[in-house]
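Visitor: Let's see this in three dimensions:
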Amino acid sequence: MDTVAELSRSASTLLDSTRDIGGSYVLEVSSPGVDRPLTSAKHFRRARGRKVELSLTDGAQVTGRVGETRDDVLDVVIREGRDWTVRPIPLGDVVKAVVQVEFSQPPHRELELAGVDRTDRAAGTEGTA
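Guide: Numbers count the residues shown, from 1 in each chain. Presented below is the predicted three-dimensional model:
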């Protein structure tokens, strides 16, 4: 976000100095937002460790934490009874996937199964592949 803010300031300065722009202008800079759907394996790799809501081709809804993505298969950490388990889901079975906003720290075991270390998550480096 700091880079986006700096880019916005630079663009604004450049536009202010350009005489070809008649009148005033409004410069809006935004991110894709938290509700942007995950649509490719690359998106799921970046979202590793994040909680997602998945709609599957069979009509099922799955909420879980993104784990490893490999060979067009997504590992999703889900709650099964009182424990956590990893459910492999073929990416071709995912109709829609959206990252969920979380306000509390997830359980250590859930992050561990997703392959994310708490220090990675705090630094914002989870899912960087």
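
Visitor: dump the residue contacts of residue 115.
Guide: By Cβ atoms under 8 Å, 6 or more residues apart in numbering, the contact set of residue 115 is 48, 49, 67, 68. In short, each C-beta sits where N, CA and C put it, glycine included.

Visitor: Whichever strand in the chain runs longest pairs with which strands, and in what direction?
Guide: Longest strand of the chain, by residue count under DSSP state E: strand 61-70. Applying DSSP bridges, strand 61-70 is found paired with strand 51-56 (antiparallel), strand 73-80 (antiparallel).

Visitor: helix, strand or coil for residue 109?
Guide: Following DSSP: H, G, I helix; E, B strand; the rest coil, residue 109 is assigned to helix.

Visitor: mind listing what's buried in the longest strand of the chain?
Guide: 62, 64, 65, 66, 67, 68, 69 (16 or more other Cβ atoms under 10 Å).

Visitor: So for the residue nearest to residue 106 when sequence neighbours are not counted, what's the pLDDT?
Guide: Closest residue to residue 106 apart from its sequence neighbours, by Cβ to Cβ, 6 or more residues apart in numbering: residue 65 at 6.7 Å. With respect to pLDDT, residue 65 scores 97.

Visitor: hey, what's residue 65 bridged with?
Guide: When assigned by DSSP bridges, residue 65 has beta-bridge partners residue 51, residue 77.

Visitor: for it, what are its contacts?
Guide: 49, 50, 51, 52, 76, 77, 78, 106, 110, 111, 113, 114 are the contacts of residue 65 under Cβ under 8 Å, 6+ apart.

Visitor: From the recorded domain assignment, give the ranges for the protein.
Guide: 1-31, 32-123 (automatic domain parsing).

Visitor: most packed of those domains?
Guide: domain 32-123 (a mean of 15; mean count of other Cβ atoms under 10 Å).

Visitor: Residue 81 versus residue 62, what's the distance?
Guide: As judged by Cβ to Cβ, to the nearest Å, residue 62 and residue 81 stand 16 Å apart.

Visitor: Many thanks, I have nothing further to ask.
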